[in-house]
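Colleague: Just to be clear, the model below is a prediction. Sequence and coordinates:
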Amino acid sequence: MSMTGPLSTITAYLLGSTPFGYLTVRWRKGIDVRTTGSGGTGATNVIRNLGPGGFFATFILDFGKGLGAVMLASRLTADDSRWVAAAAVAAIAGHIFPVWLRFRGGKGVATGVGVFLGLAPIPMGLALVIFAALVAVFRYISLGSIVAAALFPLLFYAVDHPPSSLLAGSGGAAALVVASHHSNIRRLISGTENKLGAKKAGSRVPA
């Protein structure tokens, strides 16, 4: 049996596990980004430590590892949809549960954007439009992220009619992103989630 499929999945996980936000803040400020803000390693938390420059650098790098994982799996396995789907899930799982940081990472949004773009550009574009509209109306970045991720598999099915393995993979990847926002969901329900542009009440800032 060819080992390229399992190898692509392991590589996707390790690539997803690369904690660019953590490394950037550690390099620039000498602190663990997980001890600040929301406690995550993603771009939204990095911006609180390094400003917009840190946000964009982290977002691009996290986005790149998601896209790269899907593209690499496609190349290594001759575009076998089963292994591409496995890589999609593994890359996001790696970001959320990075082996290098004792399985405490980010929420997988930027990595998910890269993964979803690699799977289906048009549905991903539609999901970004939905994200932008929700943030513009309600000013909750978390709400936009959750809804856009949850809707991506449906958009993928409606637009591209993908193989069942890819659809299942997109669903698993989306579920990971949504589940990683469990604390945001609780705050949204209770009405205590911070809105974009609002002043933060405490020293720890939800993201």
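Modeller: All right, it came through fine. A quick note: this is a predicted structure, and the numbers were derived from the prediction, not measured. Numbering: from 1, shown residues only.

Colleague: Which positions in whatever helix or strand residue 58 lives in come out as buried?
Modeller: Take DSSP states H and E as the rule and residue 58 turns out to sit in helix 43-76. For helix 43-76, a neighbour-count test (16 or more other Cβ atoms under 10 Å) marks 43-50, 54-55, 57-59, 61-70, 72-74, 76 as buried. C-betas here are computed from N, CA, C, even on glycine.

Colleague: what about stretch 161-179, average pLDDT?
Modeller: Mean pLDDT, stretch 161-179: 98.

Colleague: tell me the SS of residue 105?
Modeller: coil (DSSP: H, G, I helix; E, B strand; the rest coil).

Colleague: and the gap between it and residue 120?
Modeller: Distance of residue 105 to residue 120, computed by Cβ to Cβ, to the nearest Å: 24 Å.

Colleague: Who has more neighbours out of those two?
Modeller: Between residue 105 and residue 120, counted using other Cβ atoms under 10 Å, residue 105 has the larger neighbour count: 29 against 22.

Colleague: correct me, but that one touches residue 96?
Modeller: Yes. At 5.2 Å, residue 105 counts as touching residue 96 under the criterion of Cβ atoms under 8 Å.

Colleague: which stretches of this protein have low pLDDT?
Modeller: 1, 198-207 (pLDDT under 70).

Colleague: Show me where it has its strands.
Modeller: Using DSSP state E, the chain contains no strands.

Colleague: That one: helices as residue ranges?
Modeller: Ranges of helices in the chain, per DSSP state H, are 4-17, 20-29, 43-76, 81-96, 109-119, 121-138, 141-160, 164-180, 182-190.

Colleague: which one is residue 193 nearest to, not counting chain neighbours?
Modeller: What sits nearest to residue 193 in space, not counting adjacent residues and going by Cβ to Cβ, 6 or more residues apart in numbering, is residue 187, at 3.9 Å.

Colleague: quick one: that neighbour and residue 181 touch, right?
Modeller: No. Between residue 187 and residue 181 there is no contact under Cβ under 8 Å: 9.7 Å.

Colleague: higher neighbour count, the two?
Modeller: residue 181 (20 against 16).

Colleague: And for stretch 59-77, what's in contact with it?
Modeller: 4-5, 7-9, 11-12, 15-16, 18, 20-21, 42-43, 83-84, 86-88, 90-92, 95, 106, 110-119 (Cβ atoms under 8 Å, 6 or more residues apart in numbering).

Colleague: Oh, that last question was meant for stretch 163-177, not what I typed.
Modeller: By Cβ under 8 Å, 6+ apart, stretch 163-177 touches 81-82, 84-86, 88-89, 91-93, 96, 107-109, 112, 115-116, 119-120, 145-146, 149-150, 152-153, 156-157, 162.

Colleague: I am finished for the moment; much appreciated.
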